[in-house]
Structures are given as structure tokens and as C-alpha cells.
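Peer 1: just a sequence and a predicted model for now, questions to come.
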Amino acid sequence: MLDSLMRKLIVAGACAITLLGGSSAQAGFLDAFGPNSDFPDSDMVMPFAAKGTRQTFFMISNVGASGQDDSPVPVTWAFYDENGGLIIEVVRYILGEGGTDVVDITAVRDKAADGTQGPPTSLAGRDGFVVVDKDDGQPDLVGTYTIANLDSNSAFGGNGAGLGFVGILEPNLFLFGNTFAPVDLQDNLLMILAIDDLELPPTSVTIGVPANPGETIFTVQISLHSNQGDGLVATVDQPVEGSALFVSLEELFPGFVLDSSMTITVLPLTEGVATIGFYGQAVGPFGAGQSFRTELPAE
């Protein structure tokens with residue numbers, strides 16, 4: 001794992017030198033650690049939940065330029081199962097200067113420059129994530145996701161996590177989010193993704209290979225903190241058999257009365273693992289999603 005940390009330091013140093021001396025599609029900012037939640041980027045990472053009564057839709061916009069003679073440009077979509085395995089990869093062409101593309105998780109397909117689409121593949125019955133990569137490496141993509149729950153008649157969504165240009169993921173840092181009192185919610189879903197962003201484009205922590213059934217790939221410590229007593233409501237060390245965790249707070253903390261609003265913290269305990277966090281919640285039909293924030297690395 002020391003080698004992994006050294007590689008990150010080398011990448012960060014090279015990015016800083018590039019910014020001072022020239023430009024590069026992969027140049028990053030030394031003082032800004034990912035994920036990027038504020039600017040367009042060359043790669044967008046977004047979760048999808050399609051088990052049971054859930055459905056997911058993605059939207060990508062290209063704020064960069066079109067190709068020669070205002071032609072669409074290629075963007076690669078790589079879909080990973082929660083076990084870390086690469087499920088399918090498609091290439092979809094999109095116009096620049098605000099061209100927008102929508103993908104339904106039940107009909108993933110290629111889209112040619114002339115708009116012709118290939119045969120659809122449904123990922124219904126799976127949870128996982130997608131890495132959307134602009135093939136020329138330019139930081140031009142803006143992405144959002146929407147996860148609907150037909151059972152609760154609600155939906156939530158949020159921004160995709162940008163990787164590739166602004167910063168790099170630092171391993172073993174806390175993630176922070178918050179929640180209304182889970183007992184008052186009609187739906188909630190915590191989504192933690194373990195990403196290898198030293199690969200270009202980024203990939204699952206298993207490099208696209210499915211984890212063996214029953215094999216723990218990494219462990220995260222998940223805690224809930226309230227504004228009462230000593231603050232700590234509950235904590236659990238959760239093993240993950242793959243590259244992603246999809247779970248409700250009630251499933252994580254059975255037996256606890258979750259009747260107050262709380263802060264959610266997530267800490268990867270496995271050395272060298274970097275994570276991205278998302279959380280969605282719904283009060284009646286009204287839902288909201290969030291991308292977790294990460295702590296600043298120690299100097």
C-alpha cells in the first residue's frame with residue numbers, strides 16, 4: 001500500500017508541475033483532492049440502484065466543443081456491478097457546447113455519431129456504478145443521476161463525482177453526510193463506492209474483475225452522530241464483498257432507534273482504499289440526494 005501512496009504523490013506532483021509549465025487533459029490541482037463536486041471533469045462516477053422496485057437514470061452534458069464540422073464526439077460509459085466486475089461498456093456520441101445524453105439503466109446501448117443506437121442491455125436487478133469518460137481526456141463533462149423507488153413513489157438524485165482533472169482520491173479519509181431521522185423516512189439508501197483512480201479512466205477497486213463470492217475486498221467503519229448525549233448514536237465495521245456497498249441505515253443498525261437527524265461518517269479501514277459516498281432519502285414523495293464530503297488530508 002506504500003507503493004500506492006507514493007504513486008499518488010508522484011501523480012499529484014506531476015500535475016502541479018504541468019499546471020505551472022503548460023496544459024494537459026489530465027492535469028490536476030495539487031491542493032485539491034477529489035472527488036470534484038464543483039467543476040466539469042473528464043470522468044464522471046455515478047451510482048445506480050436497480051434491484052427490486054428501484055430504477056436509475058443518468059444524464060451527461062458536454063460543455064466542451066463539438067468535433068470537426070460540429071460533429072458529435074465519443075464518450076465511453078463503463079458499468080460496474082457492486083462486486084467490482086465490469087458488466088458492459090458502450091460508446092455514445094454527444095454534441096459539444098451543451099449537448100446532453102440520457103441513459104436508462106434498463107436500456108444501456110451504444111449510440112453512433114448519426115444517432116443510430118445499438119441493441120439494449122438491461123441492468124435491472126443489479127446495483128453498481130458507472131464511469132463516464134470523455135475519450136479525449138478534456139474536463140468537459142457534467143453528470144447527474146436519479147434513482148426512483150416505485151414502491152415508495154419517491155426519487156432522489158445528485159451530482160456525479162468528477163475525477164481525472166481536479167485532484168486525486170486520497171485513501172483512508174473520512175466521508176461526511178447527513179440524514180433526517182430515518183424513522184420518518186419512506187426511503188433511504190447509503191451508497192459507498194471504492195474506486196481506483198490511478199487507472200485512466202478510473203475503475204473499480206478490483207480493476208473490473210468480480211470479487212469471489214464471500215470474499216471481503218475492503219471494510220468501512222460507518223458511524224451515526226446526533227446532537228444529543230455524547231453525540232455517538234451507533235457505529236459498525238462493515239465488510240464489503242466487492243467494490244460497492246448499497247444499504248439502508250435500518251439494515252446497517254438493526255435494534256437502534258434512529259429517531260433524530262444525524263451526521264453519517266464513513267471511514268475505509270482497509271489500507272490504501274479510497275471511497276466516494278452518496279446518500280439518498282425521501283420524506284413521502286419528496287426526495288433529495290447528496291454527495292458526501294471528504295476531510296482534508298493531513299499535511
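Peer 2: All right, it came through fine. Keep in mind it's a predicted model, so treat the numbers as computed, not measured. Residues are numbered from 1 along each chain as shown.

Peer 1: burial count for the residue lying closest to residue 161 once chain neighbours are set aside?
Peer 2: In space, and not counting its chain neighbours, residue 161 is closest to residue 35: 3.7 Å by Cβ to Cβ, 6 or more residues apart in numbering. For every residue, glycine as well, the C-beta is placed using N, CA and C. Residues lying near residue 35 (other Cβ atoms under 10 Å) number 29.

Peer 1: mind checking pLDDT for residue 35?
Peer 2: Listed pLDDT for residue 35 reads 92.

Peer 1: if I look at it, how far off is residue 164?
Peer 2: Applying Cβ to Cβ, to the nearest Å, the value for residue 35 to residue 164 is 10 Å.

Peer 1: would you map the helices across the stretch 101-250 of the chain?
Peer 2: 249-252 (DSSP state H, counting those that start in this stretch).

Peer 1: tell me where the model's unsure across the chain.
Peer 2: The chain contains residues with pLDDT under 70 at 1-32, 297-299.

Peer 1: how about residue 158, what does it touch?
Peer 2: Counting by Cβ atoms under 8 Å, 6 or more residues apart in numbering, residue 158 makes contact with 144, 145, 278, 280, 289, 290, 291.

Peer 1: repeat that with 7 Å
Peer 2: Each residue near residue 158 by Cβ atoms under 7 Å, 6 or more residues apart in numbering is listed here: 144, 145, 278, 289, 290, 291.

Peer 1: any chance of a markdown table for those, columns neighbour count and distance to residue 65?
Peer 2: Output for the contacts of residue 158, formatted as a markdown table (neighbours: other Cβ atoms under 10 Å; distance: Cβ to Cβ, whole Å):
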| residue | neighbour count | distance to residue 65 |
| --- | --- | --- |
| 144 | 16 | 21 |
| 145 | 28 | 25 |
| 278 | 29 | 30 |
| 289 | 21 | 30 |
| 290 | 19 | 32 |
| 291 | 19 | 27 |
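
Peer 1: take the residues you listed and keep only those in strands.
Peer 2: 144, 145, 278, 289, 290, 291 (DSSP state E).

Peer 1: out of those, which is nearest to residue 170?
Peer 2: Comparing the ones in strands among the contacts of residue 158 against residue 170 with Cβ to Cβ places residue 291 closest, at 16.0 Å.

Peer 1: residue 251 versus the residue nearest to residue 224 when sequence neighbours are not counted, what's the distance?
Peer 2: Leaving aside its sequence neighbours, residue 224 sits nearest to residue 233 (Cβ to Cβ, 6+ apart; 4.1 Å). As judged by Cβ to Cβ, residue 233 and residue 251 stand 15 Å apart.

Peer 1: the two: which is more packed in?
Peer 2: Set residue 233 next to residue 251 and count neighbours by other Cβ under 10 Å: residue 233 wins out with 19 against 11.
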